[in-house]
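[1] sequence unavailable; structure follows:
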Ligand SMILES: [Zn+2]
C-alpha cells in the first residue's frame, strides 16, 4: 500500500513507509492520501495543471466547461 501510494502521490516511499510504521497503516493511509497526486488531471479551460478537483480552483469549470453554479441549476 505504501509503495503504491508513494508512486502515485507527491510523497517519498520511505516517508510513506515511516508514516505507516509510526502511525498505523489505516491512519497512515489517510495521511498519505492527503498528499497531492503526482498526476493531477488539470483543467482543460484555463491551463491550471495542478487542478485535482472536479471543479477547477481557478476558473471553476469542470471537464465539460460547466461551473458549479450552472451544474447545480440543471
Ligand atoms: Zn480552470
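    Happy to help now that I have it. Predicted, not measured: the structure shown is a model, and the values here were computed from it. Residues are numbered from 1 along each chain as shown.
[2] ok, and what's touching the helix or strand bottoming out on mean pLDDT in the chain?
    The helix or strand of the chain with the poorest confidence is helix 2-8; it has a mean of 72 (mean pLDDT, DSSP states H and E). Residues outside helix 2-8 that contact it (Cβ atoms under 8 Å, 6 or more residues apart in numbering): 11-13, 15-17, 19-20, 25, 28-29, 32-33, 37-39. To be clear about C-beta, it is placed using only N, CA and C from the backbone, and glycine gets the same treatment.
[3] please flag which of these sit within strands.
    Taking DSSP state E, every one of the contacts of helix 2-8 sits outside strands.
[4] which pair in those residues spans the largest distance?
    Using Cβ to Cβ, the two most remote members of those are 25 and 39, lying 23.8 Å apart.
[5] can you name the residues of the chain that neighbour the ion?
    43, 45, 46, 48, 56, 58, 59 (Cβ under 5 Å from the ion).
[6] can you tell me the SS state at the fourth one?
    In this case it means residue 48. Recorded secondary structure, residue 48: coil (DSSP: H, G, I helix; E, B strand; the rest coil).
[7] which one of the residues of the chain next to the ion has the most neighbours?
    Tallying neighbours with other Cβ atoms under 10 Å puts residue 56 at the head of these, with 24 neighbours.
[8] ok so that one is a helix residue?
    No - per three-state DSSP, residue 56 lies outside any helix segment and is coil.
[9] test my guess that it contacts residue 47.
    No - look at residue 56 against residue 47 with Cβ atoms under 8 Å: they stay out of range, at 9.8 Å.
[10] what sits against residue 55?
    With the criterion set at Cβ under 8 Å, 6+ apart, residue 55 makes contact with 61, 62, 67, 68.
[11] for residue 59, report the pLDDT, please.
    Among the per-residue scores, residue 59 holds a pLDDT of 93.
[12] same thing with residue 66?
    Taking residue 66 on its own, its pLDDT is 90.
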